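J.: Okay, sequence plus prediction incoming.
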Amino acid sequence: MSKTSAAYETVLDVQPLEIVTVSGPADTVSGELASKDGFTVSTVTVADGTFGTASDGRPDERPKETVPRPSLDTELSAEYEDADCVVIVTPSIPAAGRAVYESIRQDVTIPVVTCIDEPTESVAESVATDQWLEWFRVPEALTRIPESATTLLATRINRLVERYRYQTHTKRLLASFDGIDRGVAITDPTGTVQIATPAYARKFGVGLESVLGRHWHDQYERETVRHLESTAIPAATDGWRWKGTCQGTTAGDEPVSVTTTITALEDGALVFVVDADESVAGTYSSEE
């Protein structure tokens, strides 16, 4: 697995993680999580009757009325307002856990891990459609979980929060790029564009959605790609900055001439800066 770009390390490594656990009266992992380094844990306990009646999605259960927002949602909001992740621990009352999740999603998008005995149909559907929701197995009969399972849960939380922070940071960068007139694109080590300014897409006559998540090859003619891979990319990887005139393509496969500057990051990611054609022959300059 490739290393995370150094540009994001300070964003992803903020510690400690603020974790809110929402537990039933007999269900808790708060103590176990609180013992993990880098976790600050607070707990909200829900009573069995707090959420009224609800179907937990089991096939043999008759659907009932939609669960109302919990009466303690003011308390919940105050707790998870600044949290990095909410951990819902209600294996003995899964319907309450579902209601907590739905209440949270009416207010904010935040990483959520729900600890349950087995995923019901409704939980499985939510996990499939909500990228910031994961489930973790805690048997209904257990009120505390083994050390090995707690370590796995802590790892799951860390990974989910890291992805969330990374994506949030990327979106903020994209928003800040909106007013920049220079075309800038940053790839991951595989060459897939992760960040790009709207101006970068405009240089090639395409929308931003045609650039993000696509390989940088897609914006250049085949012969240009071969030339860049044989000369410019190796030089950039060795610590040089390459600049030259390149032939790109538009959405209609029309040729477009652009001046491209290429540098490389430590993890092998590439930075492309594209300007209007200045008819510049391939040149190299030191990054130092």
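T.: Good, I have the coordinates. Numbers count the residues shown, from 1 in each chain.
J.: next structured bit after the lowest-mean-pLDDT helix or strand in the chain?
T.: In the chain, no helix or strand scores lower on mean pLDDT, DSSP states H and E than helix 9-12, which sits at a mean of 46. Using DSSP states H and E, the helix or strand that directly follows helix 9-12 along the chain is strand 17-23.
J.: what's in contact with the next helix or strand after that next one?
T.: As assigned by DSSP H and E, the chain's next helix or strand after strand 17-23 is helix 30-34. The contact list for helix 30-34 (C-beta atoms under 8 Å, 6 or more residues apart in numbering) reads 19, 21, 23, 39-41, 43, 87, 89, 144-145, 147, 150, 153-154, 157. Every residue, glycine included, has its C-beta placed from N, CA and C.
J.: In CSV, list the C-alpha atoms belonging to helix 30-34.
T.: Extracted in CSV, the C-alpha atoms of helix 30-34 (Å, rounded to 0.1, in the frame of the first residue of the first chain):
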residue,chain,number,x,y,z
SER,A,30,-16.4,2.6,26.6
GLY,A,31,-13.9,1.4,29.2
GLU,A,32,-12.1,-0.8,26.7
LEU,A,33,-11.8,2.0,24.1
ALA,A,34,-10.8,4.6,26.7
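J.: pretty sure residue 25 is in contact with residue 89, am I right?
T.: No. Contact criterion C-beta atoms under 8 Å: residue 25 and residue 89 do not qualify, at 11.0 Å.
J.: So those two - more neighbours on which side?
T.: Between residue 25 and residue 89, counted using other C-beta atoms under 10 Å, the more crowded position is residue 89 (28 against 13).
J.: tell me the contacts of residue 23?
T.: For residue 23, the contact set (C-beta under 8 Å, 6+ apart) comprises 29-30, 43-46, 88-90.
J.: most residues in a single helix of the protein, which one?
T.: What stands out as the longest helix in the chain, according to DSSP state H, is helix 147-177.
J.: Report the buried residues of the helix or strand just after that helix.
T.: Sequence order places strand 183-187 as the next helix or strand after helix 147-177, per DSSP H and E. For strand 183-187, a neighbour-count test (16 or more other C-beta atoms under 10 Å) marks 183-187 as buried.
J.: Could you give the number of residues near the nearest residue to residue 97 once chain neighbours are set aside?
T.: Closest residue in space to residue 97, ignoring its immediate chain neighbours: residue 90 at 3.6 Å, by C-beta to C-beta, 6 or more residues apart in numbering. Around residue 90 there are 29 other residues, counting by other C-beta under 10 Å.
J.: residue contacts, residue 90?
T.: Neighbouring residues of residue 90 by C-beta under 8 Å, 6+ apart: 22-24, 27, 46, 96-97, 100, 114-116.
J.: So for these, which is the shakiest by pLDDT?
T.: For those, the weakest pLDDT value sits at residue 27, with 67.
J.: tell me what the longest helix of the chain is packed against?
T.: Here helix 147-177 touches helix 9-12, strand 17-23, helix 30-34, strand 85-89, strand 112-116, strand 133-137, strand 193-196, going by 3 or more C-beta pairs under 8 Å, 6 or more residues apart in numbering; DSSP states H and E.
J.: mean pLDDT lowest for which of these?
T.: helix 9-12 - the lowest mean pLDDT of those, at a mean of 46.
J.: Low-confidence ranges, the protein, go.
T.: Applying pLDDT under 70 to the chain flags the ranges 1-15, 26-27, 47-79, 140-144, 173-180, 277-288.
J.: that older thread, let me have the helices and strands packed on helix 147-177 in a markdown table, adding distance to residue 268 as columns.
T.: Formatted as a markdown table, these follow (distance: least, C-beta to C-beta, whole Å):
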| stretch | distance to residue 268 |
| --- | --- |
| helix 9-12 | 16 |
| strand 17-23 | 29 |
| helix 30-34 | 35 |
| strand 85-89 | 30 |
| strand 112-116 | 32 |
| strand 133-137 | 29 |
| strand 193-196 | 13 |
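J.: And these: which comes nearest residue 127?
T.: Closest to residue 127 of the helices and strands packed on helix 147-177, according to C-beta to C-beta: strand 133-137, at 5.4 Å.
J.: Mind listing the strands that closest one pairs with, and their directions?
T.: Counting by DSSP bridges, the strands paired with strand 133-137 are strand 112-116 (parallel).
J.: tell me the angle the strand it pairs with makes with strand 17-23.
T.: 40 degrees (axes from the mean of the first three to the mean of the last three C-alpha atoms, to 10 degrees).
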